[in-house]
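A.B. asks: Fold the stuff below for me.
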Amino acid sequence: MTTLQTVFSKARAENRAALVGYLPAGFPTKEGAVAAATAMVEAGCDVIEIGLPYSDPLMDGPTIQDAVHRSLTNGTRIADVMRTVEGVAKSGAATLVMTYWNPIDQYGAGRFARDLANAGGVGTITPDLTPEESGTWLQESKDAGIDTVFLVAPSSTEDRIGKVAKICTGFVYAASLMGVTGARESVGSAAEGLVGRTRRHTSLPVCVGLGVGTGKQAAEVAAYADGVIVGSAFIRRLLDAPDEASGLASVRELAAELAAGVRR
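C.D. replies: Residues are numbered from 1 along each chain as shown. Got it, this is the predicted structure:
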C-alpha cells in the first residue's frame with residue numbers, strides 16, 4: 001500500500017509537488033469511478049481523493065454537486081465508497097476519502113476507520129470537522145492506522161492554523177480561497193501566503209486546493225506548495241464527455257497536463 005508519507009518523500013526527492021486528484025464514488029458510474037481514477041493515476045496523479053456522496057455538500061460548487069447528485073441517483077452507498085477505494089488503491093496511488101462528518105458519525109467512527117483501512121485507504125479529509133470536535137475521530141483513525149487531513153483557509157487566524165496543523169497527520173489542506181470548489185481563471189492570491197503561514201506551524205506537507213484546473217495553474221501552485229489538488233476540472237471532463245471512453249481519454253489528458261505542470 002502506498003502511503004502519503006511515501007508519496008511526498010518521492011515528490012520531494014524529484015524536486016516537485018505531488019498531484020492530487022479528486023472524484024466522487026459512483027460517478028459517472030460505480031465502475032466508471034474506478035476506471036476514471038485509475039486513468040488519472042496512470043497519467044500522473046500521485047494521490048486520489050474519493051468523495052463520499054452526501055446530500056448536503058456545503059463546500060462543493062455546482063460541478064461537484066452535479067456529480068454527487070448523479071452518484072446518489074446511481075444508488076451509491078458507503079459500501080460502494082469502500083469498494084471504490086479498494087479498486088483505486090490497486091492502481092498504486094495513495095487513496096483517501098473526502099467526506100463530511102455526518103456520514104462517518106452515522107456509520108460509526110470506529111467501523112468507518114477500520115473498513116477504510118481494510119479497503120486499502122490511507123486516510124480521510126474531513127472539511128467540516130473542527131479541532132474541538134475531532135477527538136473521537138482522531139483516536140479511531142490512529143487505532144486504524146489511517147491519516148487525518150483537515151483544512152485551513154485564508155481567513156484562518158494563526159491560532160486556528162496552529163490547532164488544525166496539530167491534528168493533521170497526512171498533510172494540511174490549504175483552501176486557496178474563501179468559497180466553494182470549482183475550477184477558476186486564476187488561483188486565489190492568498191494561497192501562497194496561507195501556505196507560508198501554515199508552514200510556521202508544521203513540518204507536514206501543505207497542499208493547495210480549490211480553483212486549479214490547468215497545467216499552468218498547477219505549475220504556479222507547485223512553485224510554493226507541496227501538493228496540488230484538482231477536482232472540479234476532472235469532473236467537468238467527465239460531465240462533458242459524450243461517452244465513457246471519451247471521458248476516460250479526457251481525464252487522462254488533463255492528468256498528464258497537470259502532472260507536467262507540477263514538474264516544471
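
A.B. asks: low-confidence ranges in the stretch 1-150 of the chain?
C.D. replies: The model of the stretch 1-150 of the chain has pLDDT under 70 over residues 57-58.

A.B. asks: all helices for it, in order.
C.D. replies: 4-13, 30-42, 62-73, 78-89, 101-107, 109-118, 135-144 (DSSP state H, counting those that start in this stretch).

A.B. asks: can you redo these as CSV with distance to Ala245 and mean neighbour count?
C.D. replies: Backbone N, C-alpha and C define where each C-beta goes, glycine included. Below are the helices of the stretch 1-150 of the chain laid out as CSV (distance: least, CB to CB, whole Å; neighbours: other CB atoms under 10 Å):
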stretch, distance to Ala245, mean neighbour count
helix 4-13, 29, 17
helix 30-42, 10, 22
helix 62-73, 18, 19
helix 78-89, 18, 22
helix 101-107, 32, 16
helix 109-118, 31, 19
helix 135-144, 37, 16
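
A.B. asks: Relative to Gly196, which of those is closest?
C.D. replies: Closest to Gly196 of the helices of the stretch 1-150 of the chain is helix 4-13 (CB to CB; 17.6 Å).

A.B. asks: what about that closest one, distance to the chain center?
C.D. replies: 16 Å (CA atoms, centre = their mean, to the nearest Å).

A.B. asks: In terms of secondary structure, what does it contact?
C.D. replies: Other helices and strands packing on helix 4-13, by 3 or more CB pairs under 8 Å, 6 or more residues apart in numbering; DSSP states H and E, are strand 18-24, strand 94-98.

A.B. asks: what about 10 Å?
C.D. replies: strand 18-24, strand 47-51, strand 94-98, strand 147-149, strand 227-230 (3 or more CB pairs under 10 Å, 6 or more residues apart in numbering; DSSP states H and E).

A.B. asks: and the angle for that helix with strand 47-51?
C.D. replies: For helix 4-13 against strand 47-51, the angle by axes from the mean of the first three to the mean of the last three CA atoms, to 10 degrees is 140 degrees.

A.B. asks: Put the alpha carbons of helix 4-13 into PDB.
C.D. replies: Backbone C-alpha positions of helix 4-13 (Å, rounded to 0.1, in the frame of the first residue of the first chain) are rendered in PDB as follows:
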ATOM      1  CA  LEU A   4       1.100   9.600   1.900                       C
ATOM      2  CA  GLN A   5       4.500   9.800   3.500                       C
ATOM      3  CA  THR A   6       5.900   7.700   0.700                       C
ATOM      4  CA  VAL A   7       4.200   9.900  -1.900                       C
ATOM      5  CA  PHE A   8       5.500  13.200  -0.600                       C
ATOM      6  CA  SER A   9       9.000  11.800   0.100                       C
ATOM      7  CA  LYS A  10       9.200  10.700  -3.500                       C
ATOM      8  CA  ALA A  11       7.900  14.000  -4.800                       C
ATOM      9  CA  ARG A  12      10.500  15.900  -2.700                       C
ATOM     10  CA  ALA A  13      13.300  13.700  -4.000                       C
END
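
A.B. asks: Just the CA trace of stretch 39-47, in PDB.
C.D. replies: Extracted C-alpha coordinates of stretch 39-47, given in PDB (Å, rounded to 0.1, in the frame of the first residue of the first chain):
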ATOM      1  CA  ALA A  39      -6.600   6.500 -15.700                       C
ATOM      2  CA  MET A  40      -5.700   9.700 -13.700                       C
ATOM      3  CA  VAL A  41      -3.100   7.700 -11.800                       C
ATOM      4  CA  GLU A  42      -1.700   6.200 -14.900                       C
ATOM      5  CA  ALA A  43      -1.300   9.700 -16.400                       C
ATOM      6  CA  GLY A  44       0.400  11.200 -13.300                       C
ATOM      7  CA  CYS A  45      -1.700  11.600 -10.200                       C
ATOM      8  CA  ASP A  46       0.100  10.600  -7.100                       C
ATOM      9  CA  VAL A  47      -2.900  10.700  -4.700                       C
END
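
A.B. asks: before we move on, back to that, do you know which of the helices of the stretch 1-150 of the chain lies nearest Ser246?
C.D. replies: Comparing these by their distance to Ser246 (CB to CB), the top pick is helix 30-42, with 11.6 Å.
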